[in-house]
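# here's a sequence, model it:
(one chain, ligands or ions: 2)
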Amino acid sequence: MLNEVVIKTENLTKIFEEGKKREVVALREVDLEIKRGEVFGLIGPNGAGKTTLIRILVGLLTPTKGKAWVLGKNVEEDIAHIRERVTLLPQEAGIYERLTARENLVYYGGLYGIPEKELNRRADELLEIVKLKEKEHYQVKGFSGGMKRKVLVARALIIQPEIVFMDEPTTGVDTIGARVVRNLLKKLSEEENRTIILTTHDLNEVSELCDRVGILNNGELVAIGKPNELEEKYKAANLEEVFTGLITGEGVYES
Ligand SMILES: Nc1ncnc2c1ncn2[C@@H]1O[C@H](COP(=O)(O)OP(=O)(O)O)[C@@H](O)[C@H]1O
Ligand SMILES: [Mg+2]
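Ligands and ions are numbered 1, 2, ... in the order given. You can find the predicted model right below:
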């Protein structure tokens with residue numbers, strides 16, 4: 001289906017510690033639509049609600065108010081259907097420290113019932129792409145932060161998901177590694193029409209990779225559009241200007 005909407009939120013709101021003194025509105029009435037094959041970037045300062053949004057979309061958190069659908073299914077009603085078809089690269093943890101790089105991939109894929117022969121083929125290919133083939137038999141507990149991120153990226157992709165959620169996939173990854181990850185994501189979107197939702201603090205990465213971007217601030221979606229459209233709309237020279245302007249409230253004028 002052309003232009004098929006694969007993610008939709010309506011009035012999506014998440015409040016932590018509701019009613020208490022330390023109540024936090026992590027997401028505030030977010031309306032969003034993402035289409036199949038899009039690379040969608042979520043940006044915003046620390047604490048803006050990016051991880052919360054992703055966690056709701058994969059069923060790790062429930063909304064306080066509003067609704068969310070992934071692949072046509074309501075996240076509160078049919079999360080099993082969704083979980084079989086999407087993958088999450090979490091912002092933190094999640095890696096199996098005692099397993100080797102290769103075992104991390106194969107074990108995870110096995111949980112999805114992918115046959116071993118196929119898993120081994122995909123593991124070879126992915127480890128090659130993220131340049132960890134030489135280290136595939138090392139336990140990941142000795143890996144640097146960036147190497148672990150690359151293992152997690154590869155692990156997320158071994159199940160060939162329809163939608164890939166990546167929470168800061170390139171944070172801590174070196175320049176060349178980050179490029180490898182970006183190229184891999186670009187290829188997945190362009191050649192296989194997979195949908196990718198990623199968060200990042202690297203605005204150049206967004207300009208280069210993302211078809212559209214959403215800017216979150218204090219749980220609110222303050223802007224959404226193609227990077228160049230946003231630059232035009234706010235008469236900014238680049239996305240960084242749009243971003244800092246919207247977040248600090250200085251120097252942006254809506255045209
Ligand atoms: N489990 C939780 N309990 C209480 N507050 C939370 C929890 N998770 C996130 N928050 C709060 O919600 C807000 C949004 O957090 P988060 O979605 O992690 O932001 P981001 O990923 O954009 O940095 C922050 O104020 C954070 O402290
Ligand atoms: Mg986060």
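
# pLDDT weak spots in this protein?
Filtered on pLDDT under 70, the chain yields the residue ranges 1-2, 93, 251-255.

# just the helices in it please.
Counting by DSSP state H, the chain has these helices, from start to end: 50-57, 79-83, 101-111, 116-129, 145-157, 175-192, 203-209, 227-233, 239-248.

# specify the beta-bridge partners of residue 139.
With DSSP bridges applied, residue 139 shows beta-bridge pairing to residue 100.

# these two touch, right, it and residue 100?
Yes - contact between residue 139 and residue 100 holds when scored by CB atoms under 8 Å: they sit 5.7 Å apart. (Each C-beta comes from the backbone N, C-alpha and C, glycine too.)

# so which of the two has more stuff around it?
Looking at residue 139 and residue 100 with other CB atoms under 10 Å, you find the greater number of neighbours at residue 100, namely 18 against 15.

# surely that one meets residue 137?
Yes - distance between residue 100 and residue 137: 5.1 Å, which falls inside the contact criterion (CB under 8 Å).

# any chance of the helices of the chain in TSV, plus mean neighbour count?
Shown next, in TSV, are the helices of the chain (neighbours: other CB atoms under 10 Å):
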stretch	mean neighbour count
helix 50-57	24
helix 79-83	16
helix 101-111	20
helix 116-129	16
helix 145-157	22
helix 175-192	16
helix 203-209	19
helix 227-233	16
helix 239-248	19
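
# which parts of this structure sit against ligand 1?
Selection of the chain residues close to ligand 1 by CB under 6 Å from any ligand atom yields 16, 17, 24, 26, 44, 46, 47, 48, 49, 50, 51, 52.

# residue contacts, the first one?
Contact criterion CB atoms under 8 Å, 6 or more residues apart in numbering gives 23, 24, 26 as the residues in contact with residue 16.

# try it again with 6 Å
Under the criterion of CB atoms under 6 Å, 6 or more residues apart in numbering, the contact list for residue 16 reads 24, 26.
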